[in-house]
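Engineer: sequence first, then the predicted structure, then my questions.
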Amino acid sequence: MRSWQRRSFIGLGMGAALTGGLWRSATAGTTVGATQAPVAPTVARARQVLIVLEQGGVSHVDTWDPKPETVAEHRSPYKPIDTSAPGVQFTELMRHTSRHADKLAVVRSMTHKLGGHPEGTAFVLQGAIPGGPLQMPDMGTAVAHIAGSPNPQLPPYVMIPGNGEQSYNTSNGFLSAGLKVFKTGGRDLSAPGWKVNDLGFLAGVDNRRFRDRQDLLSNLDVGLTPAADVSGVGNSQTMEKLFQQAFDMLGNPRTQAAFDLSTEPEPLRDAYGRGHRGQCYLLGRKLIESGVRTVVLDVREPETKQTPGGFNMNWDHHDLIYSTGSCGTIRDKAGGEGRYGIGTWQMMGSTDQAFGALLDDMSQRGLLHETLVCFVTEFGRTPKLNQFQGRDHWPYAYSIAFAGAGVRGGQVIGKTDRDGGYILDQAFSPIDCAATIYTMLGIDLERPVYTREHRPVFLANDGAMISKLVS
């Protein structure tokens, strides 16, 4: 009872974020009743990772893996173009990205057997096939558990904005709830005055009053017992540390500054694109620069007056993939309503500009030296158009891309057949992608992490790093 009274007292001066995301971020690096797997610095190339998760299944044959020899009735209308990497071509939907192909290693031979969005997204985030007897943590959570946070004033694992259709598939698994992803929220980050809700004090509580309450609290002789712990930490000393770190974050102006897009130069904001997607990508760069260990972008443009019918603009183009506007608003075809055609600004237009600007910006700032950037999706689209001129789910062959942290750019790894339907060479799965991320962050996959019951669990089990990325 006394511990609850203490927590109620704290709540008088803090927003909901303290009991949610900020509490979670303060436990980064704790072992949570388990033996912590050590970092292997001899293989580390990356200090941080930024994962661009374009959810819904990006059509690889319309972007990374052009197939001009496909029969005409199934061929993409978007022509191959040369890139800054000799011999490497993307489609014309990627004009901005193509200028940075010399920084990119494109893996055209990704494959797995999960054809649904929820399980596909979970597979990407966790690097483990979902649905097993043990719920696995997201890679960002596992990295926070093992490697901690470079900046204690910020969460170690952030998703921007984290309110998309599949964002509920994030998981802390068997690790502490204190390491769960912090989601920024925000329907439209391009809106004037956007900020993260509850990242600060409650109304009527300024910094002076907050510090007065903190000082008073420190003088109270109130103990916390493991039974009273709601964060999964399990001992009072760690809980006290958690409180102190949360205090530091709420009272530290650098925390708010890391999420403040208004401090970015106007020309740079224009370069990323003034829509929601562009500003989300820009915020991703800000958080990497501020010291967040793992950032995931899970973005889609919102419906506006300029985009009627665009109420779910992910990449699930079952219908009218080549529409110059809305793909429809009523479920009367194959289930692709609520989005715009892949060639519109709301889809590849904004994505291509934002990703190109991200690579350029991070390169100029020197952030690519120690940041692994990954462009991923949960699967591709069918090599054949369906009766509604859309492309359906296709996990058997698709593309992802890597840059930074020692990745050898200007190369293509793996190969698909003439239509982009099946792998001809060097097949990789999301488990291999996870093994690559872990290994490049210096995490020794031969050493397990442990559940509360001291059961050893190997991350990215049965996966292997995509060695050609750095060879």
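Structural biologist: Received the coordinates, thanks.

Engineer: from here on, contacts and neighbour counts on C-alpha atoms
Structural biologist: Fine.

Engineer: now the strands for the stretch 201-350 of the chain?
Structural biologist: 294-298 (DSSP state E, counting those that start in this stretch).

Engineer: low pLDDT regions in it?
Structural biologist: Applying pLDDT under 70 to the stretch 201-350 of the chain flags the ranges 201-251.

Engineer: show me the helices in it, by range?
Structural biologist: Secondary structure of the stretch 201-350 of the chain (DSSP state H, counting those that start in this stretch): helices at 207-218, 236-251, 253-258, 266-272, 276-290, 350-364.

Engineer: burial of residue 340, as a residue count?
Structural biologist: The local packing of residue 340 (other Cα atoms under 10 Å) involves 34 other residues.

Engineer: and for residue 266?
Structural biologist: With other Cα under 10 Å as criterion, residue 266 counts 11.

Engineer: now do it against residue 272, distance only.
Structural biologist: Distance of residue 266 to residue 272, computed by Cα to Cα, to the nearest Å: 10 Å.

Engineer: give me the neighbour count for residue 196.
Structural biologist: Using other Cα under 10 Å: residue 196 sits among 16 other residues.

Engineer: contacts only, for it.
Structural biologist: Applying Cα atoms under 8 Å, 6 or more residues apart in numbering to residue 196 gives the contacts 184, 185, 186, 259.

Engineer: most neighbours, which of these?
Structural biologist: residue 259 leads these on contacts (other Cα under 10 Å) with 20 neighbours.

Engineer: do I have it right that that one meets residue 283?
Structural biologist: Yes: counting by Cα atoms under 8 Å, residue 259 does reach residue 283; the two are 6.8 Å apart.

Engineer: how is residue 106 assigned, secondary-structure-wise?
Structural biologist: Here residue 106 is recorded as strand under DSSP: H, G, I helix; E, B strand; the rest coil.

Engineer: beta partners for the nearest residue to it once chain neighbours are set aside?
Structural biologist: Once flanking residues are discounted, residue 106 sits nearest to residue 401: 4.3 Å by Cα to Cα, 6 or more residues apart in numbering. Beta-bridge partners of residue 401, counted by DSSP bridges, are residue 106, residue 375.

Engineer: how close does residue 401 get to residue 454?
Structural biologist: Distance of residue 401 to residue 454, computed by Cα to Cα: 36 Å.

Engineer: ok, those two, which is more surrounded?
Structural biologist: residue 401 (21 against 11).

Engineer: could you break the protein into its assigned domains?
Structural biologist: By the assignment in automatic domain parsing, the chain contains the domains 1-30+200-253, 39-194+259-469.

Engineer: burial-wise, tell me which of these comes out on top.
Structural biologist: Per residue and on average, the most neighbours among the domains of the chain fall to domain 39-194+259-469, with a mean of 21 (mean count of other Cα atoms under 10 Å).

Engineer: I'd guess residue 49 is in a helix, am I close?
Structural biologist: No: counting by three-state DSSP, residue 49 is not found in a helix; it is strand.

Engineer: is residue 114 in contact with residue 124, as I believe?
Structural biologist: No: if you go by Cα under 8 Å, residue 114 and residue 124 don't touch, sitting 10.8 Å apart.

Engineer: so what's the closest residue to residue 462 other than its chain neighbours up against?
Structural biologist: Using Cα to Cα, 6+ apart and skipping residues adjacent in sequence, the residue nearest residue 462 is residue 431, 7.5 Å away. Counting by Cα under 8 Å, 6+ apart, residue 431 makes contact with 123, 127, 128, 129, 460, 461, 462, 463, 464.

Engineer: the same query, at a cut-off of 6 Å, please.
Structural biologist: With contacts defined as Cα atoms under 6 Å, 6 or more residues apart in numbering, residue 431 is in contact with 127, 128, 460, 463.

Engineer: got a list of contacts for stretch 454-465?
Structural biologist: The contact list for stretch 454-465 (Cα under 6 Å, 6+ apart) reads 127, 431, 432, 434, 435, 436, 448, 449, 450.

Engineer: what sits closest to residue 117 if chain neighbours are left out?
Structural biologist: Leaving out its chain neighbours, the residue that sits closest to residue 117 by Cα to Cα, 6+ apart is residue 56, at 6.7 Å.

Engineer: state the distance from residue 304 to residue 257.
Structural biologist: Noted for residue 304: a distance of 28 Å to residue 257, by Cα to Cα.

Engineer: show me where the stretch 51-200 of the chain has its helices.
Structural biologist: For the stretch 51-200 of the chain, the helices defined by DSSP H, counting those that start in this stretch cover 95-98, 117-126, 139-147.

Engineer: now these as JSON lines including mean pLDDT and distance to residue 325?
Structural biologist: Output for these, formatted as JSON lines (pLDDT from 0 to 100; distance: least, Cα to Cα, whole Å):
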{"stretch": "helix 95-98", "mean pLDDT": "98", "distance to residue 325": "20"}
{"stretch": "helix 117-126", "mean pLDDT": "97", "distance to residue 325": "24"}
{"stretch": "helix 139-147", "mean pLDDT": "97", "distance to residue 325": "36"}
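
Engineer: let's have these in CSV, adding distance to residue 316.
Structural biologist: Formatted as CSV, the helices of the stretch 51-200 of the chain follow (distance: least, Cα to Cα, whole Å):
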stretch, distance to residue 316
helix 95-98, 22
helix 117-126, 9
helix 139-147, 24
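
Engineer: for residue 332, find the nearest of those.
Structural biologist: helix 117-126 (20.2 Å; Cα to Cα).

Engineer: only alpha carbons, please: show the closest one as CSV.
Structural biologist: In CSV, the C-alpha atoms belonging to helix 117-126 read as follows (Å, rounded to 0.1, in the frame of the first residue of the first chain):
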residue,chain,number,x,y,z
HIS,A,117,0.6,-8.9,-42.5
PRO,A,118,0.6,-9.4,-38.7
GLU,A,119,2.9,-12.4,-38.7
GLY,A,120,5.1,-10.9,-41.4
THR,A,121,5.5,-7.7,-39.5
ALA,A,122,6.3,-9.6,-36.3
PHE,A,123,8.8,-11.7,-38.2
VAL,A,124,10.6,-8.5,-39.4
LEU,A,125,10.6,-6.9,-36.0
GLN,A,126,11.7,-9.9,-34.0
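
Engineer: what's the angle from it to strand 294-298?
Structural biologist: Counting by axes from the mean of the first three to the mean of the last three Cα atoms, to 10 degrees, helix 117-126 lies at 160 degrees to strand 294-298.
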